[in-house]
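*Asks:* Predicted structure and sequence below. I'll ask about it afterward.
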Amino acid sequence: MAAQFGRWNFDGAPMPSALRDRVGELLAPWRTEGQFGYCDQCAELLWFPFETTEACPGPQPMVLDSGEVLLWDGRLDNGSEIQRALGGLQLSCRSDANVVAAAWSEWGQDCLPRLVGDWALSLWIPRDRRLLLAADILATRHLFYVLEKDWVQWSSVPDPLVLLSESSFQFDEEYLAGWLGSFPAPHLTPFRAIHRVPPASVVTIRPGSVAVRRFWEIEGTRKIRYARDAEYEQHFLELLRQSVRRRLRSRSPIVAELSGGMDSSAIVCIADQQTSAAGGPQIDTVSYYSDSEPHWNERPWFARVEAQRGRAGLHIDATASPPADEHAPRILLGPGASTGQTEFLDFMRRKGSRVLLSGIGGDEFLGGVPTPVPELEDLLVTANFIALGRRLLAWALAQRRPWIQLLRDAVIGFLPCQLASQRRLRPFLSWLDEGIVKRQRRPLTGYPRRWEWFGALPSVQENVDALDSIRRQLSCKALSAGHPYERRYPYLDRDLLEFLFAIPREQLVRPRERRSLMRRALTGIVPQEILDRKRKAYVIRSPLQLAERYFRELSQETREFATAALGIVRPELLLDALRVASQGDSVSVVPLMRVVALEHWLRRLADGGLLTGSHGIDGRSCTTTTNCFPASLRPPTQTEVHL
């Protein structure tokens, strides 16, 4: 993991030394191992290594024989395969960056879909006056950029682009709507002028122009069919072990989230097998619990995994610290952004860890939600009506629902999105302004799609949709400035995803067999109590307490709601919804918490003098301005906005 920053002046003027120094101040948490740079007549590239993978990653920025300048931030999982494809090329230093440089020299942009792993790169090409910015299929390594008439700036951390600009930034209404509804599209940021490199895409920038091209898509027609269940189980287990092994590559101790659910437990148990076989130390774990939450106490479950491995991890009482939205973006001054939980960061710092393993993706792609809909949709479009009737009956008995309701659910996905999303939108209608509902229906409803009758099976289309949802979620994940660390996601490994998308849906979920493939494959590896667990617990009391707190705080305020000034909410109805939620009545709590986070963010901007009365969204007030920052910039840990 590393931070990078670059500026290209189209007129050839050098980057001011004062700008270089101030960028260094803002990115100080990532320059514990030095600060390196490249400069020519037009462009300057800065590199702040905070290495998580290799002890000797090689010097960057890397100047290739062709004169191109490469900045690589990432973990390359198939470096050996690429070297073989290059004819067994021998490198003096086999770092990921060297392999990528050799691949680029041989194949150019065609090398990008070959790079498997978590990565982002920038490539300055002086001879063509061209800049390339690219990210992997998830874009977990962020790259932000601002393109103006006379220059372009890019950075893996958005702070310099915001704080060091002398321009005013208008808010992006689609981003704010996406934040309220689910997660915003991954190329968006809270500010219109600042863009993010989308997943599986390369951005080509020339003076006055920008082009974005996707270089990888899921193969929707690939199918894997075996004769026996055991073959699916073996193949799945091999790929999951490979995915975990790839993410154990680290120069420092590794910490894994352990929630007591099947996803995180499987990662920890398989990691123990890998480290034991390699003679390395076991990974450490961090677990959250709440004794005061009747429906959410994970302690008995993660304790079973700890007992099996003979090693206790860090236990954090989720009710003992201020609430934080783990999905909130850290983009500087973004709604809900947080510096992170102190107890957890202190633990990472003491262990000297720079890597955290996360179970995100298991629920979405391994049958965490026991729904028959994708399987029924597949049978419907293939006109396999006999099998459709049998599966409708089996699922109707398992879920104790009329088969006609299940068939209706299978048909809904093929209806026009506006019809299918009406029910999903209703919780917002009570307190959202009618204007934003009309303008931003798609982001407010999670960017719904209509399934196609021809081409990839509906189950594959749903998987692609779930992957896009994950991408939006990860785009809001923050780089911690308190103690930088890298998140790794074993269930989002590209090889594993392609396998899961190609096998029959009934391997993943069966009537009365939630997570069927996972349970079968992990028998004897994960404690049986975890595999037999019906559903993971859920939180119910804490959101109601939060709603009560926010209702009390906001109802006592005398100033105008910032979200109302931007035409997002109707304040009196928002307060009424908070009051109803605090009393335990049926209200969609998550959207309420998100709009409160947005309100707090805007108020903190105003309190810090970072809002002006100029136009914000479509003529409404509230625009961020950065020219009011003092000359001595505050460090990032002080300028982040959080609840």
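*Replies:* Sure thing, it's come through.

*Asks:* How much space separates the residue of the chain positioned farthest from its centre from L392?
*Replies:* When distances are taken from the C-alpha mean of the chain, I386 lies farthest, 40.6 Å away, according to CA atoms, centre = their mean. Using CB to CB, to the nearest Å, we find I386 at a distance of 11 Å from L392. Heads up, the C-betas are built off the backbone N, CA and C, glycines and all.

*Asks:* Now do the helices for the stretch 251-400 of the chain: every range, in order, please.
*Replies:* 262-278, 299-309, 342-351, 362-365, 373-381, 385-399 (DSSP state H, counting those that start in this stretch).

*Asks:* so what are the domain limits for the protein?
*Replies:* The record's domain split for the chain, according to automatic domain parsing, is 2-158+194-214, 229-366+468-531, 541-639.

*Asks:* Mean pLDDT, distance to V460 and mean neighbour count added to the ones you listed, as TSV?
*Replies:* Putting the domains of the chain into TSV (pLDDT from 0 to 100; distance: least, CB to CB, whole Å; neighbours: other CB atoms under 10 Å) gives the following:
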stretch	mean pLDDT	distance to V460	mean neighbour count
domain 2-158+194-214	89	16	19
domain 229-366+468-531	85	6	19
domain 541-639	66	28	17
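
*Asks:* Now do W395 against W451, distance only.
*Replies:* Distance from W395 to W451, counting by CB to CB: 19 Å.

*Asks:* go on, V596?
*Replies:* Noted for V596: a distance of 34 Å to W451, by CB to CB.

*Asks:* same thing with G313?
*Replies:* Separation of G313 from W451 (CB to CB): 42 Å.

*Asks:* Check A102 too.
*Replies:* A102 is 42 Å from W451, where distance means CB to CB.

*Asks:* repeat for V210
*Replies:* For V210, the distance to W451 - CB to CB - is 32 Å.

*Asks:* just P160 next, same as before
*Replies:* Relative to W451, P160 is positioned 42 Å away (CB to CB).

*Asks:* Same drill for these two, tell me which one is more crowded.
*Replies:* Neighbour totals were compared for P160 and W451, and P160 leads with 28 against 24 (other CB atoms under 10 Å).

*Asks:* What does the pLDDT read for that one?
*Replies:* Here the pLDDT value assigned to P160 is 88.

*Asks:* quick one: it is in a helix?
*Replies:* Yes. Assessed with DSSP: H, G, I helix; E, B strand; the rest coil, P160 lies in a helix.

*Asks:* what's S358 in contact with, if anything?
*Replies:* A256, E257, S264, R487, R488, Y489 (CB atoms under 8 Å, 6 or more residues apart in numbering).

*Asks:* Distance to L123 for those - can I get that in a markdown table?
*Replies:* Shown next, in a markdown table, are the contacts of S358 (distance: CB to CB, whole Å):
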| residue | distance to L123 |
| --- | --- |
| A256 | 34 |
| E257 | 34 |
| S264 | 36 |
| R487 | 25 |
| R488 | 24 |
| Y489 | 26 |
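
*Asks:* quick one: which of those is nearest A564?
*Replies:* For the contacts of S358, the minimum distance to A564 (CB to CB) is 35.2 Å, reached by R487.

*Asks:* Can you name the element that comes right after the helix or strand containing that closest one?
*Replies:* Using DSSP states H and E, R487 maps to strand 486-488. Downstream of strand 486-488, the first helix or strand assigned by DSSP H and E is helix 494-502.

*Asks:* Quick one: list the elements packing against that following helix.
*Replies:* The contact analysis (3 or more CB pairs under 8 Å, 6 or more residues apart in numbering; DSSP states H and E) places helix 494-502 against helix 229-247, helix 458-475.

*Asks:* Out of those, which is closest to Q153?
*Replies:* Smallest distance to Q153 across the helices and strands packed on helix 494-502 (CB to CB): 19.4 Å, for helix 458-475.

*Asks:* which secondary structure elements does the closest one contact?
*Replies:* helix 362-365, helix 373-381, helix 494-502.

*Asks:* now do 10 Å
*Replies:* Packing contacts for helix 458-475, counted by 3 or more CB pairs under 10 Å, 6 or more residues apart in numbering; DSSP states H and E, involve helix 173-181, helix 362-365, helix 373-381, helix 494-502.

*Asks:* now those as CSV including distance to A3?
*Replies:* What follows is the helices and strands packed on helix 458-475, written out as CSV (distance: least, CB to CB, whole Å):
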stretch, distance to A3
helix 173-181, 23
helix 362-365, 29
helix 373-381, 40
helix 494-502, 25
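
*Asks:* With respect to L240, which of those lies nearest?
*Replies:* helix 494-502 (6.4 Å).

*Asks:* Show the subsequent helix or strand relative to the closest one.
*Replies:* helix 516-521.
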